[in-house]
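K.L.:
Sequence plus the predicted model coming up.
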Amino acid sequence: MESIHQIIKATKAYYCLECGKCTAVCPISRREPTYSPRRMVERAIWGEGAELLTDVLLWSCLTCQQCSTRCPSAVRYVEFIRGLRALARGAGEEGLCTHGEAIQTWMRMMTSPELRQNRLEWLDEDLKVSTSSDTVYFVGCLPYYDVLFSKIGAQGVEIARSAVRVLNRLGIEPIILENERCCGHDLLWEGDIANFRKLAELNIAMLRATGAKRIVTACPECARTLRVDYPAYVGNLGMEVIHISELLAQKITQGEFRISNAESRITTYHDPCRLGRHLGIYDAPRQVIEALGLELVEMEHSGKNALCCGTSCWTNCGAVNKQVQIDRLREAKATGAELLVTACAKCQIHFKCAMDDVGLGEEIGMEIRDLVTLVDEALA
């Protein structure tokens, strides 16, 4: 395991100019003055690393990467935090799970090679899948979310079904792994590297065995993890990894995909952090929204400047995080849009949870949909 000194060096934390630009844009710092990315880096450089590992503030960072868009020294702060969390977990420390470790528990259960799951029951008869396609649809944890978040109307299974239907309409009958594991995103960013590696190794073996050339996912976190983190930590998949919004935008540009049945509505789009700042995918979802015939109105903070949905890895979601969500929903309402579109199931869950507030529901409440479900609906 890396030392604090190695983490500082690897993430260019030594180059910090103490300018405070990171703290100025940090969604947490703007609402919780005791937290500051600049200060966290300073403490590590000044030899307070051991104290950092036991500080609850270590788990406050949303890893949204807003700080990195402003840093003049290119300090990789979110990787700095991820490295420190791995050290902290090795010392027995961890963040407070918002859902009683339920989600992390199913992730760790999936690390067992002997585990056999019932992962395909959600497939309807009209959904066409294959065992020999050149495309794998990586589902992720979508079906599990419906069980845990049924009260607020999570759309995990609906998103998964819509993704397959849309792929079918593109002439693709994807492979869906009957024993796919969670990609491991949350475990990695919480510092549980060992269990992340186990999940990655199991998934890589299954994905390579398909002989497919491409992986499509509707989850930005799966896209980031498969595209960036698997090669960095475990090994190259040897397959293209693409978010479904990218695939749709490609087909629209090539004239191979047209949407003509959509209802025109004033719409605003929320950029998920993993899709936007982490992967640089901003235009593709907007191109799809335009093709749907929706009238897109941007929020005050959009694209590289978009606010986070307020919670990362289901950890440390308290009053400050809820305020981030409320502020984002107020931005969405201020556009005059009837519909809030995102391309991340987690963002949708977090916003719907905030809307569930009995005191604020009417003020911040609005319809929220996943992009792929809108495409599916328009093509029905």
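P.N.:
Structure received.
K.L.:
what number of residues lie near L379?
P.N.:
Per other C-beta atoms under 10 Å, the neighbour tally for L379 reads 18. Backbone N, C-alpha and C define where each C-beta goes, glycine included.
K.L.:
which residues in the stretch 51-200 of the chain form helices?
P.N.:
Secondary structure of the stretch 51-200 of the chain by DSSP state H, counting those that start in this stretch: the helices cover 77-90, 102-109, 142-148, 156-169, 185-189, 193-210.
K.L.:
Can you tell me which of those is most buried?
P.N.:
Of the helices of the stretch 51-200 of the chain, the one with the most neighbours on average (mean count of other C-beta atoms under 10 Å) is helix 185-189, at a mean of 25.
K.L.:
what sits up against it?
P.N.:
63, 82, 85, 103-104, 107-108, 193, 195-196, 199, 221-222, 224-225, 229, 233, 312-315 (C-beta atoms under 8 Å, 6 or more residues apart in numbering).
K.L.:
Tell me which of the helices of the stretch 51-200 of the chain lies nearest to A380.
P.N.:
helix 156-169 (8.4 Å; C-beta to C-beta).
K.L.:
now that closest one, how far from the chain's geometric center?
P.N.:
Offset of helix 156-169 from its chain centre (C-alpha atoms, centre = their mean, to the nearest Å): 18 Å.
K.L.:
for that helix, what is the average pLDDT?
P.N.:
Helix 156-169 shows a mean pLDDT of 97.
K.L.:
Which residues outside it are in contact with it?
P.N.:
122-124, 126-129, 135, 137, 139, 141-146, 149, 173-174, 176, 216, 218, 244, 248, 257, 345, 370, 372-373, 375-377, 379.
K.L.:
Can you select the buried ones among the residues you listed for me in PyMOL?
P.N.:
To isolate the buried members of the contacts of helix 156-169 in PyMOL, using 16 or more other C-beta atoms under 10 Å:
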select buried, resi 122+123+127+129+135+137+139+141+142+143+144+145+146+149+173+174+176+216+218+244+248+257+345+370+372+373+375+376+379
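K.L.:
returning to what we had before: with distance to L339 as added columns, please give the helices of the stretch 51-200 of the chain in JSON lines.
P.N.:
Output for these, formatted as JSON lines (distance: least, C-beta to C-beta, whole Å):
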{"stretch": "helix 77-90", "distance to L339": "30"}
{"stretch": "helix 102-109", "distance to L339": "28"}
{"stretch": "helix 142-148", "distance to L339": "21"}
{"stretch": "helix 156-169", "distance to L339": "16"}
{"stretch": "helix 185-189", "distance to L339": "27"}
{"stretch": "helix 193-210", "distance to L339": "34"}
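K.L.:
And those: which comes nearest S302?
P.N.:
Between the helices of the stretch 51-200 of the chain, helix 77-90 lies closest to S302; by C-beta to C-beta that is 20.3 Å.
K.L.:
now the angle between helix 193-210 and the closest one, please.
P.N.:
Angle, helix 77-90 to helix 193-210, by axes from the mean of the first three to the mean of the last three C-alpha atoms, to 10 degrees: 110 degrees.
K.L.:
Report all helices and strands that helix 77-90 contacts.
P.N.:
The helices and strands touching helix 77-90, judged by 3 or more C-beta pairs under 8 Å, 6 or more residues apart in numbering; DSSP states H and E, are helix 4-10, helix 37-45, helix 49-52, helix 185-189.
K.L.:
Lowest average pLDDT across those?
P.N.:
When I compare those, helix 49-52 is least confident, with a mean of 91.
K.L.:
Quick check: L170 touching K251?
P.N.:
Yes. Counting by C-beta atoms under 8 Å, L170 touches K251, with 6.1 Å between them.
K.L.:
Right, I'll leave it there.
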